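Participant: structure for the following, please:
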Amino acid sequence: MKSGSTSGGNRQKLVYDGFLVPFILVTSLFFLWGFAHGCIDVLNKHFQELLSMSKAKSAFIQFVFYGAYFLMAVPAGMLMQKVGYKRGIIIGLLLFAGGAFLMFPATFIQTFGSFLICLFIIACGLTCLETAANPYTTVLGPPEYAERRINFSQSFNGLGWIAGPLVGGILIFSGSGGGNKFSTIALPYMLIGTLVLIVAIFFWRIKFPPVREEIEASATDNSGSIRDLLKYPHFILAVVAQFLYVAAQTGVNSFFINYVTEELPALTNRQASLILAFGGMGLFWLGRFTGSTIFMRIIKPNRLLAFYAMANVIMMALVVAGLGWTSVIALFSTYFFMSVMFPTIFALGIKDLGPLTKRASSFLVMAIVGGALIPLLMGYIADISSMAMGFIVPLVCFAFVFYYGLSGYKAGRTMQTA
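Facilitator: Residues are numbered from 1 along each chain as shown. Purely as a prediction, here's the structure:
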């Protein structure tokens, strides 16, 4: 039974009655994994200097982190089917916290590989969280508001992206590690690990009402298969668009500090990380918040996606041109236009899939592996040419996202609203 579907006349609510507390708790997860993602982008530049490694080698941070999404997405989906969303989320939170706390002994081992193992464990936990939270938010209220709901939750993910490089940049580049030059790496992870454990306790203690329409149907339906999903071209194109979007976003994040300090040599790494936190990630949060609360009320989600993607193609062209402050401003302006892409592609991709939704969600989360591969290519181009030339790669990625928002989202769908 759908309750609370009207408010103030015949206007529907964003969330069904009885689901507000679960919606708030699930939304908190978006902040937590945003913080974790923001921290690893600070690590890139830090390891380049700490271990005197190339840009391409430092990109193995992203390769391992996002590679975990590829390896864990389908198992995470199976886990949700077996133990349910609530228990699956708690398992994800415990993995997240465990990997974060392991950063402390890794600072004494002092090898690149030991830190990569910690990041892999963290990412396995995040995969469980994303596999559950993204589709869960889409079914907690009226279907016609699914895109707005997931974008609203993802706006808190944007706050995490601000806090990650801000806290990470201040602590990691603080130079207060004493005799152990690696010790500052553990500080932000000990902080987030503690917070994650507190959230896990809340999830354990609070009861979640079942969402029977989509969640239980997809959990018990055995007819869904990969072959069935291949009958939906809009979903297949969504997986490609998500792969390329995450690739572009991760590439921009990973080499933001490199690009800014090369274009503006007077800036320090710490100053560049603050620009990333307040300039880039601040705009990222603003874009998600305004996208869900303002723009998607007046502009259809696919059209907003297409417009923002084309804007980023233009921004990337300015970045490649290497025009000093103009290019730096274009680079962090990119974050505003990236803001709505992941949740909007996700919501458009699972639209009209019915009992196939949960399986489809696993593949859309798996598409995050794009973040593992493209930074390696960007780092290689930067090492043989220049950092500016490396940004040609995200330019091409955003061009495909533009196509998906323009027409790819409705491919093969017999009923859609353009």
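Participant: drop to CA atoms for contacts and neighbour counts, all remaining ones
Facilitator: Noted.
Participant: contact partners for L348?
Facilitator: E147, H234, F235, A238, N302, Y409 (Cα atoms under 8 Å, 6 or more residues apart in numbering).
Participant: redo that, cut-off 10 Å
Facilitator: By Cα atoms under 10 Å, 6 or more residues apart in numbering, the contact set of L348 is A146, E147, H234, F235, A238, P301, N302, Y404, G405, G408, Y409, K410.
Participant: just checking, the second one touches I299?
Facilitator: No. Assessed by Cα atoms under 10 Å, E147 is found out of contact with I299, at 11.7 Å.
Participant: hang on, the earlier thing: how about the contacts of L348 in a markdown table, adding pLDDT?
Facilitator: A markdown table is the format used below for the contacts of L348 (pLDDT from 0 to 100):
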| residue | pLDDT |
| --- | --- |
| A146 | 78 |
| E147 | 79 |
| H234 | 93 |
| F235 | 94 |
| A238 | 96 |
| P301 | 90 |
| N302 | 93 |
| Y404 | 97 |
| G405 | 95 |
| G408 | 91 |
| Y409 | 91 |
| K410 | 88 |
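Participant: distance from stretch 265-277 to the middle of the chain?
Facilitator: Distance of stretch 265-277 from the chain centroid (Cα atoms, centre = their mean, to the nearest Å) equals 22 Å.
Participant: buried ones in it?
Facilitator: Applying a neighbour-count criterion of 16 or more other Cα atoms under 10 Å, one finds N269, R270, Q271, A272, S273, L274, I275, L276, A277 buried in stretch 265-277.
Participant: who's in contact with L237?
Facilitator: Listed by Cα under 10 Å, 6+ apart, the contact set of L237 reads F243, I345, G349, F400, V401, Y403, Y404, G408, Y409, K410, A411.
Participant: what subset of these is buried?
Facilitator: Buried, going by 16+ other Cα under 10 Å: F243, I345, G349, F400, V401, Y403, Y404, G408, Y409, K410, out of the contacts of L237.
Participant: gap between the closest residue to the third one other than its chain neighbours and L373?
Facilitator: Distances taken as Cα to Cα, 6 or more residues apart in numbering put F235 closest to G349, at 4.6 Å, once the chain neighbours are dropped. In this structure, F235 lies at 22 Å from L373, with Cα to Cα, to the nearest Å as the measure.
Participant: so between those two, which is more surrounded?
Facilitator: F235 (31 against 21; other Cα atoms under 10 Å).
Participant: in this protein, spot the helix with the most residues.
Facilitator: helix 20-50 (DSSP state H).
Participant: now do it: distance to the chain's middle.
Facilitator: On Cα atoms, centre = their mean, the centre of helix 20-50 falls 9 Å from that of its chain.
Participant: repeat that for stretch 382-396.
Facilitator: In terms of Cα atoms, centre = their mean, the centre of stretch 382-396 is set 22 Å apart from its chain centre.
Participant: export that stretch as CSV, just CAs?
Facilitator: The C-alpha coordinates for stretch 382-396 follow below in CSV (Å, rounded to 0.1, in the frame of the first residue of the first chain):
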residue,chain,number,x,y,z
ALA,A,382,50.8,13.1,-19.0
ASP,A,383,54.1,11.3,-18.6
ILE,A,384,54.9,11.3,-22.3
SER,A,385,53.3,14.6,-23.2
SER,A,386,51.7,17.0,-20.7
MET,A,387,49.1,16.9,-18.0
ALA,A,388,46.9,19.2,-20.1
MET,A,389,46.9,16.7,-23.0
GLY,A,390,45.7,13.9,-20.7
PHE,A,391,42.4,15.7,-20.3
ILE,A,392,41.5,14.8,-23.9
VAL,A,393,40.3,11.5,-22.4
PRO,A,394,37.5,12.9,-20.2
LEU,A,395,36.5,15.2,-23.1
VAL,A,396,35.7,12.1,-25.2
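Participant: and I345, what pLDDT?
Facilitator: pLDDT for I345: 95.
Participant: next up, the contacts around the nearest residue in space to it that is not next to it in sequence.
Facilitator: Using Cα to Cα, 6+ apart and skipping residues adjacent in sequence, the residue nearest I345 is A238, 6.0 Å away. A238 makes contact with 244, 342, 344-350, 363-364, 367, 401, 404-405, 408-409 under the criterion Cα under 10 Å, 6+ apart.
Participant: sorry, back to before: identify those among the contacts of L348 that sit within helices.
Facilitator: Per DSSP H, helices hold the following members of these: A146, E147, H234, F235, A238, P301, N302, Y404, G405.
Participant: need the max-distance pair from those.
Facilitator: A146 and Y404 (18.2 Å; Cα to Cα).
Participant: picking that back up, L274 versus the residue nearest to G349, what's the distance?
Facilitator: Using Cα to Cα, one gets 37 Å for the distance from F235 to L274.
Participant: swap in G282?
Facilitator: Counting by Cα to Cα, the gap from G282 to L274 is 10 Å.
Participant: L126 versus the residue lying closest to F120 once chain neighbours are set aside, what's the distance?
Facilitator: Distance criterion Cα to Cα, 6+ apart; nearest residue to F120, sequence neighbours excluded, is F65 at 5.3 Å. For F65, the distance to L126 equals 10 Å [Cα to Cα].
Participant: what residues do these two have in common as contacts?
Facilitator: Common contact partners of F65 and L126 (Cα under 10 Å, 6+ apart): H37, F120.
Participant: neighbour count winner among these two?
Facilitator: L126 (32 against 27).
Participant: so, low pLDDT: which residues of the stretch 201-350 of the chain?
Facilitator: Along the stretch 201-350 of the chain, the parts satisfying pLDDT under 70 run over 210-224.
Participant: quick check, distance from stretch 255-275 to the centre of its chain.
Facilitator: With Cα atoms, centre = their mean, you get 23 Å for stretch 255-275.
Participant: restrict it to CA atoms and write it as PDB.
Facilitator: C-alpha atoms of stretch 255-275 as PDB (Å, rounded to 0.1, in the frame of the first residue of the first chain):
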ATOM      1  CA  PHE A 255      45.000  14.700 -11.600                       C
ATOM      2  CA  PHE A 256      43.300  17.900 -10.400                       C
ATOM      3  CA  ILE A 257      46.200  18.700  -8.000                       C
ATOM      4  CA  ASN A 258      48.800  17.800 -10.600                       C
ATOM      5  CA  TYR A 259      47.100  20.000 -13.200                       C
ATOM      6  CA  VAL A 260      46.600  23.000 -11.000                       C
ATOM      7  CA  THR A 261      50.200  23.000  -9.600                       C
ATOM      8  CA  GLU A 262      51.600  22.700 -13.100                       C
ATOM      9  CA  GLU A 263      49.500  25.500 -14.600                       C
ATOM     10  CA  LEU A 264      50.000  27.700 -11.500                       C
ATOM     11  CA  PRO A 265      53.400  26.800 -10.000                       C
ATOM     12  CA  ALA A 266      53.100  29.300  -7.200                       C
ATOM     13  CA  LEU A 267      50.400  27.100  -5.600                       C
ATOM     14  CA  THR A 268      51.400  24.400  -3.100                       C
ATOM     15  CA  ASN A 269      49.800  21.000  -3.000                       C
ATOM     16  CA  ARG A 270      47.900  21.900   0.100                       C
ATOM     17  CA  GLN A 271      46.500  25.100  -1.500                       C
ATOM     18  CA  ALA A 272      45.500  23.000  -4.600                       C
ATOM     19  CA  SER A 273      43.700  20.500  -2.400                       C
ATOM     20  CA  LEU A 274      41.800  23.300  -0.800                       C
ATOM     21  CA  ILE A 275      40.800  24.600  -4.300                       C
END
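Participant: lovely, talk soon.
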